[in-house]
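Student: Next comes the sequence, and after it the predicted model I'd like to discuss.
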Amino acid sequence: MKDLSWFNKVMFVLNIVLTVLTFLAYILPFLAPKLFPFLSVLTMILPLMLIFNLLFFIYWGIQMKRQILLSSLVLLMGITFINKFYKFSSTDLPKSENDFTVMSYNVRLLNLYKWIERDDVAELISEFINDKNPDILCIQEYSEGKINLRAYKHKFILMKGDKTKTGQAIFSKFPIINKGDIVFPNSNNNAIYADIKRGKDTIRVYNMHLQSIKITPDVHEINEDINGINEQKSKKIIKSMSRAFKAQQEQAEILMNHKKDSKLPEIICGDMNNSAFSFVYRSIRGDLNDTFEEAGSGFGKSYNFNYYPARIDYIFADKKMEVKSFENYPDFINSDHFPIMARLSMVK
């Protein structure tokens, strides 16, 4: 520190603070959110912290300062997180007769309340799904009577709510031989499942929608709140996020307990409302494959959050399935989420 200018001393202090926060974010996926609910927000901004650590690494490297060792250590320890945030190359294996495709999409009630100022959103979503033609389709925040899907003889739709009916839906080209729902207490969110018979194989498909943290996609509003322009709203956001992280942990535990009763190969789809660096992600994924990590490319953005490539929607596939390709569609903006789709094949 003695050899540093006053400016570099300030930079190094900031570097130390960032390092401590980054190490906390590394540990949090292994700690239940109920213990430190608001600290869990660090897992959602971990990619941003890794970028700032990289900038510090470059900053000290240009000056050939030994302080570079701090950022080097942080980045080295975080190397296993990179694939969860960004994939440099995709996988697109040759198609075969044994392949099948799975799509997950939060359709935001098909624009029931005109969040998007146009009248044809439901039609555009219908056309998109019909064009991509997934074999299995999982929809969150479904709204009945507004979508026209041609290819699906089999479906399971569960609607909830008093004034506004919202629900989960699983559409399948293959027979559904068993189905059910998983209740999340004190929440409008839930999960459903369907056992789908495909040839000689039976696959259990879960469609989940976990508790929302209820923050606006408008980054400018969030920044204003954090800067104290609206202190009351900031406190509400903090309380809301803390409650949501606790609820997500409980919901993940309920889902995992339900899984224990099934010996079928499984696929878990849906809107987790949390990042790939979280305790909830680690719990639900378990030993399943994250299809984005296996075959995706880029950021895998699935939520329309300004200036930040948020990935909160997932397709997890059983180890008995090969992940042959993965796609997300960030240019299809007809909900606050983007559709994601994976091509899978049962391993013989």
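Tutor: Noted; the coordinates are in hand.
Student: give me the element the closest residue to residue 185 other than its chain neighbours is part of.
Tutor: Sequence neighbours aside, residue 250 is the residue nearest to residue 185 in space, at 7.5 Å (criterion: Cβ to Cβ, 6 or more residues apart in numbering). All C-beta spots, glycine's among them, are computed from the backbone N, C-alpha and C. Taking DSSP states H and E as the criterion, residue 250 maps to helix 231-259.
Student: buried ones in that helix?
Tutor: 234, 237, 241-242, 244-252, 254-255, 259 (16 or more other Cβ atoms under 10 Å).
Student: What's the separation between the residue nearest to residue 185 and residue 178?
Tutor: 25 Å (Cβ to Cβ, to the nearest Å).
Student: Over to stretch 166-178 now: how far is its first residue from its last?
Tutor: 22 Å (Cα to Cα, to the nearest Å).
Student: whoops, stretch 103-113 was the one
Tutor: Stretch 103-113: ends 24 Å apart by Cα to Cα.
Student: Just the terminal-to-terminal distance for stretch 318-332.
Tutor: Note: stretch 318-332 ends 28 Å apart using Cα to Cα.
Student: nope, stretch 249-267 is what I was after
Tutor: Stretch 249-267 end-to-end distance (Cα to Cα) = 20 Å.
Student: so how far is it off the chain centroid?
Tutor: Stretch 249-267 sits 17 Å away from the centroid of its parent chain (Cα atoms, centre = their mean, to the nearest Å).
Student: just stretch 277-297 next, same as before
Tutor: With Cα atoms, centre = their mean, you get 9 Å for stretch 277-297.
Student: Equivalent analysis for stretch 297-315, please.
Tutor: 7 Å.
Student: okay, and for the chain, where does confidence drop off?
Tutor: Scanning the chain for pLDDT under 70 picks out 1, 215-231, 233-234.
Student: quick one, helices of it?
Tutor: Using DSSP state H, the helices found in the chain span residues 6-27, 41-44, 46-63, 68-77, 82-85, 108-111, 121-132, 219-226, 231-259, 279-285, 291-295.
Student: possible to save these as CSV with distance to residue 213?
Tutor: Below are the helices of the chain laid out as CSV (distance: least, Cβ to Cβ, whole Å):
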stretch, distance to residue 213
helix 6-27, 16
helix 41-44, 8
helix 46-63, 15
helix 68-77, 26
helix 82-85, 19
helix 108-111, 16
helix 121-132, 24
helix 219-226, 11
helix 231-259, 4
helix 279-285, 11
helix 291-295, 21
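Student: Quick one: closest of those helices to residue 332.
Tutor: helix 121-132 (6.0 Å; Cβ to Cβ).
Student: Mind listing residues that contact the closest one?
Tutor: With Cβ atoms under 8 Å, 6 or more residues apart in numbering as the test, helix 121-132 has contacts from 101, 103, 105, 107, 110-111, 137, 146-151, 329, 332, 334-335, 339, 341.
Student: Swap in 6 Å and give it another go.
Tutor: The contact list for helix 121-132, computed with Cβ atoms under 6 Å, 6 or more residues apart in numbering, reads 107, 110-111, 146-148, 150, 332, 334.
Student: Repeat that for stretch 272-286.
Tutor: In contact with stretch 272-286 (Cβ under 6 Å, 6+ apart) are residues 29, 33, 43-44, 46, 84, 210, 212-213, 248, 252, 312, 314, 316.
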